[in-house]
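[1] dropping a prediction and its sequence here:
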Amino acid sequence: MNMNTAINIQEQAATDAIIEVRGVHKVYGETVTALQDINLDFNRGELTSLLGPSGCGKTTLLKIIAGLLKPTSGEVRVNGRPVTGPGPERAFVFQDFALMPWATVVRNAAFGLELQGVAKAEREARARHYVEEVGLAGFEDKYPHELSGGMRQRVGLARALAVDADVLLMDEPFSAVDEQTRRKFQEDLIRLREVENKTFILVTHSIEESVYLSDRIIMLSPRPGRLNRIVTPEIDRSGDPDLIRRNPEYLDLIDEIWTGLRAYVE
Amino acid sequence: MSSVQTNSGLIAGPTSRAFAMVGGTPLLWRLASLAIFCAVWEIAGRTNFNWAFPTFFETMAALWSMLADGSMIMAYGRTLEPLVIGLVISLSIGVGAGVLMGLRRDAEWITLPIFITMQAAPMAALIPLITFVYGIGLTAKVLAVCMLAMPVIAINSYKAVRNVPPSLVDMSQSFMGSRSQQVFKVILPAASPMMFAGIRLGVAEGFSGVVLAELLITPTGIGDLITFNRSIAKFDHMYAAIFSIVAFAVIAVSLLHRLEITIFRPEKRGA
Ligand SMILES: Nc1ncnc2c1ncn2[C@@H]1O[C@H](COP(=O)(O)OP(=O)(O)OP(=O)(O)O)[C@@H](O)[C@H]1O
Ligand SMILES: [Mg+2]
């Protein structure tokens, strides 16, 4: 008994994985194998990217971690407990924003709390705080159709932050916005990480984006999605965001990853 | 009465199809086309291409006289009874069944074929059958309204629920909303614009159902005004009665749209 706990603590200290993915397979229907034997750890406080070509199962893996999909076999553990469905420690940011068009920015941002039954005054105060934090002060009472794509995604981000989850699961959060907005958003995300002590899992198919943002990049191979390679960019992100984009380490790593992925495209 | 998919994906019958087209245009255009329509009517009436066809102003004069002597008010009193009862039944069952079919596969499997058949069946041909079973009273007329209005309302409510973006459903699930929160806070509000569009079409079909019933079962109300005036060759009065029911239907459907926006669509108010 005592020994057991000791071993457990030791294991935790060694890895400090907040999310563990163990032997996950996902087969759609009978024939489409989306994921094959995925084993991964996501470390607490890190930003990890899932990078891979279209259709390799990135969304599928993220939804399995979120508890929105059941794996065909294998399991996911969050803080050591097996996932059976969505949980309060995880919040999702959707590729198409998933905002309610009939609700204001504040109500949308507060919706996670509303579903949890938090009283109106409290949830709106918290939502307002995060709406401001993602840079949307002044837009609290607007409706989604009055916002640009980038602003809508900030609402989605505020909603995920407001429930105060440990892990933010983001499915290509920047793919529906233009390049300038995307860059600004990426820079803001780096700043946000300094304020909010959270674990991020980010799905992307942009090599630049993953290198720019991530502590760790997990590369998946095309269908059936398997673990291909794990890259750990060690880039200092504290300075001027534009400097990072000119940092030779950053550029070399992009090249290196591209060389590795090229084989799939050709 | 074949059904057609309008460009918005709604299922509509012939009456409601016309309404769907009218509903989308701005007010100025509608007024302009109305003016042109009246002018063409007036000119056509004056050319005397058909001895039974009155001019626009003759028709309006007849309309006024029927309003003034109270006969039209009386007629509407009779017509509204089956119409309102039929619409209330169609709305409650149609929306209820449509939403249930949208939410549950088993309900869809059992119920959808019934509504699709009702939608596709030629209702005018079924009215003699209704009279055979239910006689010529109020029940038969209410049934005629339901048979036309209910399938449109049910099928559009069903499609509305099915068309809710899956990511919104995922969203409420991922933030741990219960099934009832999911239905009442996300699915129904998201489905409501298309549902209301279906309801407007259903109400329009209901109008056509009640007139059909009053013409084909027993002449009462507005149907009586039409048949009676035809039989005594007062064609201006007959056209006035027809005009009034069309205008009434258009106004009722427009008011419904207004009501929907003021009550349910905060994001469209003021915009
Ligand atoms: N509900 C589903 N039913 C059947 N097959 C599916 C379903 N969802 C996804 N797939 C298939 O599983 C594979 C992985 O899909 P997934 O959406 O996870 O890919 P992805 O990596 O997120 O792609 P993208 O970059 O285009 O978003 C794809 O080949 C897709 O066709
Ligand atoms: Mg995807």
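    Received it, and whenever you're ready, just let me know what you need. Ligands and ions are numbered 1, 2, ... in the order given.
[2] quick check, stretch A:54-72 touching chain B?
    Yes. Contact of stretch A:54-72 with chain B (C-beta under 8 Å from any C-beta of the partner chain) involves A:K63, A:A66, A:G67, A:L68. C-beta coordinates here come from the backbone N, C-alpha and C atoms, glycine included.
[3] what is the nearest of these to ligand 1?
    Distance to ligand 1, by C-beta to the nearest ligand atom, is smallest for A:K63 among the residues of stretch A:54-72 next to chain B, at 7.6 Å.
[4] what's the helix or strand for the closest one?
    Here A:K63, judged by DSSP states H and E, is contained in helix A:58-66.
[5] who are the packing partners of that helix?
    In terms of contacts (3 or more C-beta pairs under 8 Å, 6 or more residues apart in numbering or on different chains; DSSP states H and E), helix A:58-66 is packed against strand A:17-28, strand A:32-43, strand A:47-51, strand A:90-93, strand A:167-171, strand A:199-204.
[6] CSV please, covering the ones you listed and showing distance to A:P248, mean pLDDT and mean neighbour count.
    Converted to CSV, the helices and strands packed on helix A:58-66 look like this (distance: least, C-beta to C-beta, whole Å; pLDDT from 0 to 100; neighbours: other C-beta atoms under 10 Å in any protein chain shown):
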stretch, distance to A:P248, mean pLDDT, mean neighbour count
strand A:17-28, 31, 92, 19
strand A:32-43, 26, 90, 18
strand A:47-51, 20, 93, 26
strand A:90-93, 31, 94, 26
strand A:167-171, 28, 94, 24
strand A:199-204, 22, 93, 24
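[7] what's the separation between whatever residue of chain B ends up closest to ligand 1 and chain A?
    Of all residues in chain B, the one sitting closest to ligand 1 is B:P166 (9.4 Å; C-beta to the nearest ligand atom). When C-beta to the nearest C-beta, to the nearest Å is the yardstick, B:P166 and chain A sit 9 Å from each other.
[8] on that earlier part again, so the helix holding A:K63 versus strand A:167-171, what angle?
    160 degrees (axes from the mean of the first three to the mean of the last three C-alpha atoms, to 10 degrees).
[9] is there proximity between helix A:58-66 and ligand 1?
    Yes. Residues of helix A:58-66 are located near ligand 1 by C-beta under 6 Å from any ligand atom, namely A:K58, A:T59, A:T60.
[10] which of those ranks first by neighbour count?
    A:K58 (25 neighbours; other C-beta atoms under 10 Å in any protein chain shown).
[11] surely that one and A:M219 touch.
    No. Using C-beta atoms under 8 Å, A:K58 is not in contact with A:M219, being 10.4 Å away.
[12] any residues in contact with both of these two?
    Listed as contacting both A:K58 and A:M219 by C-beta atoms under 8 Å, 6 or more residues apart in numbering or on different chains are A:L51, A:G52.
[13] where in the stretch 1-150 of chain B is pLDDT low?
    Counting by pLDDT under 70, the stretch 1-150 of chain B has low-confidence residues at B:1-9, B:11, B:14-25.
[14] retrieve the pLDDT associated with residue 238.
    If you meant another chain, say so; for now it's chain A. Listed pLDDT for A:S238 reads 76.
[15] can you look at chain B instead?
    pLDDT at B:M238 comes out at 91.
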